[in-house]
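Participant: model this:
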Amino acid sequence: MQDLKTSVRDIHDFPKKGIIFKDITTLLQNKSAFRQAVDSIADEFKTKKIDYVLSVEARGFIFGAPVAYKLGAGIVPVRKKGKLPYKTHSVTYELEYGKDTLEIHQDAFPKAARILIVDDLLATGGTVRAVADLVEKMGGEIAGIAFVIELTPLKGRDKLKGYKILSLVQDEHC
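Facilitator: Predicted coordinates:
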């Protein structure tokens with residue numbers, strides 16, 4: 001996974017002073033690193049009988065769609081409030097600086113569907129915890145949660161106890 005780690009660019013003081021932003025555009029430009037990220041997630045879950053991959057707006061879409069394709073699964077976008085055109089279920093959750101709301105179509109998947117949640121980055125875990133709660137409220141079974149990058153000092157994994165979690169790159173700098 002060294003190829004992946006070196007393919008992510010750190011941008012200091014973005015979006016505000018003291019933050020180290022993990023810029024994945026450099027990973028996406030690196031053909032072998034992008035392929036490695038998608039293949040590694042798909043390989044980890046290929047025997048788990050995944051029905052749907054849920055990907056979280058917006059950077060999660062980049063990885064979720066090709067993983068779903070490789071697994072022969074459907075892709076379900078989880079979007080910010082007001083972005084989906086049909087009837088939705090929503091979840092509001094706490095951020096470091098306020099609240100946010102995510103939505104999913106009410107008919108996104110049938111009850112008991114096996115779900116893989118894919119996002120680019122695990123920081124505090126709040127966003128994906130909210131998505132997991134929404135999936136379970138809708139009757140889905142979470143087969144796993146996958147991230148390209150995990151910011152280990154923020155302990156986001158603690159909010160996701162009980163789930164199979166894959167993170168391809170663990171990063172100490174945030």
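
Participant: enumerate every residue touching Ile41.
Facilitator: By C-beta atoms under 8 Å, 6 or more residues apart in numbering, the contact list for Ile41 reads Phe63, Val67, Val118, Ala146, Val148, Leu166, Leu168. Heads up, the C-betas are built off the backbone N, CA and C, glycines and all.

Participant: please apply the same query to Asp171.
Facilitator: Counting by C-beta under 8 Å, 6+ apart, Asp171 has contacts Lys5, Val8, Lys22, Ile149, Glu150, Leu151, Thr152.

Participant: picking that back up, narrow the contacts of Ile41 to those in strands?
Facilitator: Among these, DSSP state E puts Val118, Ala146, Val148, Leu166, Leu168 in strands.

Participant: what sits closest to Thr88 if chain neighbours are left out?
Facilitator: In this structure, Thr88 finds its nearest non-sequential neighbour in Glu103, 4.0 Å apart by C-beta to C-beta, 6 or more residues apart in numbering.

Participant: now swap in Tyr86 and tell me
Facilitator: His105 (5.0 Å).

Participant: mind listing the residues bridging to that neighbour?
Facilitator: Thr88 (DSSP bridges).

Participant: who's in contact with it?
Facilitator: Val76, Leu84, Tyr86, Lys87, Thr88.

Participant: please apply the same query to Lys46.
Facilitator: Contacts of Lys46 (C-beta under 8 Å, 6+ apart): Lys70, Leu71.

Participant: quick one, phi psi at it?
Facilitator: phi -60, psi -20 (degrees, to the nearest 10).

Participant: ditto for the one 5 residues further on
Facilitator: Phi and psi for Asp51, reported as degrees, to the nearest 10, are phi -90, psi -40.

Participant: then the one 10 residues further on?
Facilitator: When quoted as degrees, to the nearest 10, the phi and psi of Phe61 stand at phi -60, psi -40.

Participant: check the residue positioned nearest the centre of the chain and give its pLDDT.
Facilitator: Compute the mean C-alpha point of the chain, and by C-alpha atoms, centre = their mean the closest residue is Asp119, 1.5 Å away. pLDDT, Asp119: 97.

Participant: low-confidence ranges, the protein, go.
Facilitator: 1-2, 96 (pLDDT under 70).

Participant: what about the strands in it?
Facilitator: Under DSSP E, the chain gives strands at 9-12, 20-23, 52-56, 74-80, 88-95, 98-105, 114-122, 141-151, 165-171.

Participant: how far does the last one sit from the chain's center?
Facilitator: This means strand 165-171. 11 Å (C-alpha atoms, centre = their mean, to the nearest Å).
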